[in-house]
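J.: Here's my sequence, what's the structure:
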Amino acid sequence: MRLRTWLTAAAALACTSLAALAQPAFPSKPIRVVVGFPAGGPLDQHARLLTDKLQAVLGQPVVVDYKAGAGGTVGAQDVMKAPPDGHTLMLANTGVMVINPALYSKLPYATLKDFTPIARTAMQPLALLVNPKLPAQNLQEFIAYAKARPGQVNFGSAGNGGISHLVPEMFKTATGLFMVHIPYRGSAPAFTDLMGGQVQFMAESIPQAAAYHKQGKVRALAVTSRERNPALPDVPTAIESGLKNFEVVGFYGFLAPAGTPKDVVAKLSDAFGQVMQSPEVKNRMVAQGADPAFLGADAFASFLAAEMPRWATAVQQSGAKLD
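T.: A predicted model of the protein is given here:
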């Protein structure tokens, strides 16, 4: 009986070993990177910058696939349902990963349950902006101005529940200000009204903000990162301006479907780490308005776990909710 048991176990082990040997080494085919937004935007630029280099490291073509819709939800669902073999990845932003779960009442995915973090690749600070005719030359002067006019100062955003809405909400909480939110359909009309004086305050990503600031069309009072931004070297951080620990930045990262094997996750994470070491990649990323900020798989998972409740609180305090 013992001999039969041993033979059965040996046969099972042999089959398992043969099956493992039969599995082709990863990656065995082209890798698809899903972007849940239309081509041509900041996330698309980031995807193309990294995928061009990634295929050289992995030895397989890396293609970008656009699945736009519902604030990145359509793309997330596509990746969530893909085989967990590492050949389908999602490039996502702050909204998709940590804002949507708190914003949408019927979101079809849960970031930490339905995806495996692979790598964080960039951070995106914002600039706090005012209309240039406002009598506030720095952040403390603006806070004093707004406190003296509760409910009379408006801030614009690219839409309800987005990062340009939530960062001012966090700013309001940190300062005790009462400002009125005016949502727009995108950042372009919001900028138009900021320059025209219909709204007095706005938080927006650095590249566009820096361009308008240098043209004198808006005034940048502070940036939301811990360090000053190279695109706005003379603009202090919010922390420098007296808001202790006010560091709020967006971020980009790559995720795979839940259940992706650990060795595949490790290989992908290492490949992104190699790509992020390239001086060319770093320089082009900064030119696109993103700060290189690589985290490997485990560190990125911990980062997401810490960010989820922070942004959920911001959404709750803003009162934003989408079906």
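J.: tell me which residues in stretch 274-289 are buried?
T.: 275-276, 281, 284-286, 289 (16 or more other Cβ atoms under 10 Å). (Glycine included, C-beta is placed from N, CA and C.)
J.: hey, where'd the helices end up in the stretch 51-200 of the chain?
T.: 73-80, 94, 100-103, 111-114, 139-147, 163-175, 187-196 (DSSP state H, counting those that start in this stretch).
J.: Select, out of those, the one closest to K217.
T.: helix 187-196 (4.9 Å; Cβ to Cβ).
J.: Dump that closest one to CSV, keeping only the CA atoms.
T.: Output in CSV follows, covering the C-alpha atoms of helix 187-196 (Å, rounded to 0.1, in the frame of the first residue of the first chain):
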residue,chain,number,x,y,z
SER,A,187,-10.0,71.9,-17.9
ALA,A,188,-10.0,74.1,-20.9
PRO,A,189,-13.3,75.9,-20.1
ALA,A,190,-12.3,76.1,-16.5
PHE,A,191,-9.1,77.8,-17.4
THR,A,192,-11.0,80.2,-19.7
ASP,A,193,-13.2,81.3,-16.8
LEU,A,194,-10.3,81.5,-14.4
MET,A,195,-8.5,83.9,-16.8
GLY,A,196,-11.7,85.8,-17.3
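J.: so after it, what's the next helix or strand?
T.: strand 201-205 (DSSP states H and E).
J.: so what strands line up beside that next one?
T.: strand 115-130 (antiparallel), strand 154-157 (parallel) (DSSP bridges).
J.: who wins for proximity to L268 among those?
T.: strand 115-130 (5.0 Å).
J.: ok so, going back, just put the helices of the stretch 51-200 of the chain in a markdown table and tack on mean pLDDT and mean neighbour count.
T.: Shown next, in a markdown table, are these (pLDDT from 0 to 100; neighbours: other Cβ atoms under 10 Å):
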| stretch | mean pLDDT | mean neighbour count |
| --- | --- | --- |
| helix 73-80 | 96 | 21 |
| helix 94 | 95 | 21 |
| helix 100-103 | 93 | 22 |
| helix 111-114 | 97 | 15 |
| helix 139-147 | 98 | 18 |
| helix 163-175 | 95 | 22 |
| helix 187-196 | 94 | 18 |
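J.: okay if I get these as a markdown table plus distance to L50?
T.: Shown next, in a markdown table, are the helices of the stretch 51-200 of the chain (distance: least, Cβ to Cβ, whole Å):
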| stretch | distance to L50 |
| --- | --- |
| helix 73-80 | 16 |
| helix 94 | 17 |
| helix 100-103 | 22 |
| helix 111-114 | 20 |
| helix 139-147 | 34 |
| helix 163-175 | 21 |
| helix 187-196 | 24 |
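J.: which one of those helices lies closest to V64?
T.: Comparing the helices of the stretch 51-200 of the chain under Cβ to Cβ, the one sitting nearest is helix 73-80, at 11.0 Å.
J.: Can you tell me how far P132 is from H213?
T.: Distance, P132 to H213, using Cβ to Cβ, to the nearest Å: 9 Å.
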